[in-house]
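S.K.: What would the 3D arrangement of this be:
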Amino acid sequence: MRLMRHTEGPVSIAYDVEGSGPFVVFLHGIGGNRSNWAGQLAHFGARFCAVAWDARGYGGSDDPPQTLKFSDYADDLVRLLNHLNAERAHLVGLSMGGMIGQMRAAEHPELVRSLTSIMSTTGDLDVGAPTADAMQMLLRPPATTIEEYMDGSVAVAHVIGTPGMIDEDRVRQRAALAWERNYDPAGVARQLAGVLASDPRSPALAQIDVPTLVIHGTADTLVNSSGGERTAEVIPDAKLMLIEGMGHDLPLAHCPTIIDAVSAHAAAHA
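M.R.: Residues are numbered from 1 along each chain as shown. Predicted coordinates:
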């Protein structure tokens, strides 16, 4: 049975780990948690030391009351890598997680073997901007009951998810698990406000010198595909992979094409 572990320090970060070998660290997006990557830990753990965290304020990690800055996530990631004694790691980030990975790769390339940025953006608000419906869903008031949270999660999935591939029962199960893992309405509001008020861009983004794979879905309505294209343009020598019909959901959970691409990218730079 996989056990949750924690880093030391003033902000304790919860994480799961499986396997041994080069480190692959999975970074979830807004509203996610480490359980989103459970299937990937099992898959990648056969060849790598696969790690999935709860970003601060999520799941089993601490949720400090101070104003959140986007750079706090990136700093936490450095502390996690130090805690794991990981001199270098492959970073795989979804949405907000991709932006965290980009910041670390830009500012601490010595810690990064490779970067995979999925359904993410450079932070340019005029490129890949959310649609009105998606943004309205994202900014909805935090749920106060588990039923409201599950219903809201299903509604969001239908707005930003891959058309024809929404499993409502699975979405509800995932939402219930997130609720059980210390869902905090006030914390969610604070996290979202902090992210939206921060500028995750870095002047060094164009200087990223690690192998980078950018994956994006053509049906992503939260960060449209031009956001992925822009990311691949800004990061030198980045490879762009567009998945026809994929929305802004959890693509690794049900897309063998993406799993194979991420596996090959990490293996090529191990």
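S.K.: and the nearest residue to A14 once chain neighbours are set aside, backbone torsions?
M.R.: Of all residues not flanking A14 in the chain, G60 sits nearest, at 3.3 Å (Cβ to Cβ, 6 or more residues apart in numbering). All C-beta spots, glycine's among them, are computed from the backbone N, C-alpha and C. G60 has phi and psi values of phi -90, psi 0 when expressed as degrees, to the nearest 10.
S.K.: can you give me the strands for the stretch 51-200 of the chain?
M.R.: 89-94, 112-118 (DSSP state E, counting those that start in this stretch).
S.K.: nearest to H158, of those strands?
M.R.: Of all these, it is strand 89-94 that lies closest to H158, at 18.6 Å by Cβ to Cβ.
S.K.: Pull up the pairing partners for that closest one, direction included.
M.R.: Strands that pair with strand 89-94, judged by DSSP bridges, come out as strand 23-27 (parallel), strand 112-118 (parallel).
S.K.: Which secondary structure element of this structure has the lowest mean pLDDT?
M.R.: The weakest-scoring helix or strand in the chain, judged by mean pLDDT, DSSP states H and E, is helix 132-138 (a mean of 66).
S.K.: ok, the closest residue to L205 other than its chain neighbours - contacts?
M.R.: Among residues not flanking L205 along the chain, A106 sits closest, at 5.0 Å (Cβ to Cβ, 6+ apart). A106 makes contact with S202, A204, L205, Q207, I208 under the criterion Cβ atoms under 8 Å, 6 or more residues apart in numbering.
S.K.: Check the gap between the second one and A38 for me.
M.R.: Counting by Cβ to Cβ, to the nearest Å, the gap from A204 to A38 is 33 Å.
S.K.: now do the last one
M.R.: Spatial separation of I208 from A38 under the definition Cβ to Cβ is 29 Å.
S.K.: between these two, who's got more neighbours?
M.R.: Neighbour count, other Cβ atoms under 10 Å: between I208 and A38, I208 has more, with 24 against 16.
S.K.: so where is the stretch 151-270 of the chain shaky, pLDDT-wise?
M.R.: Per-residue confidence for the stretch 151-270 of the chain (pLDDT under 70) gives these ranges: 181-184, 187, 190-191, 194-203, 250-254.
S.K.: what's the burial count for V188?
M.R.: Should you count by other Cβ under 10 Å, V188 turns out to have 20 residues around it.
S.K.: likewise F26?
M.R.: Using other Cβ under 10 Å: F26 sits among 28 other residues.
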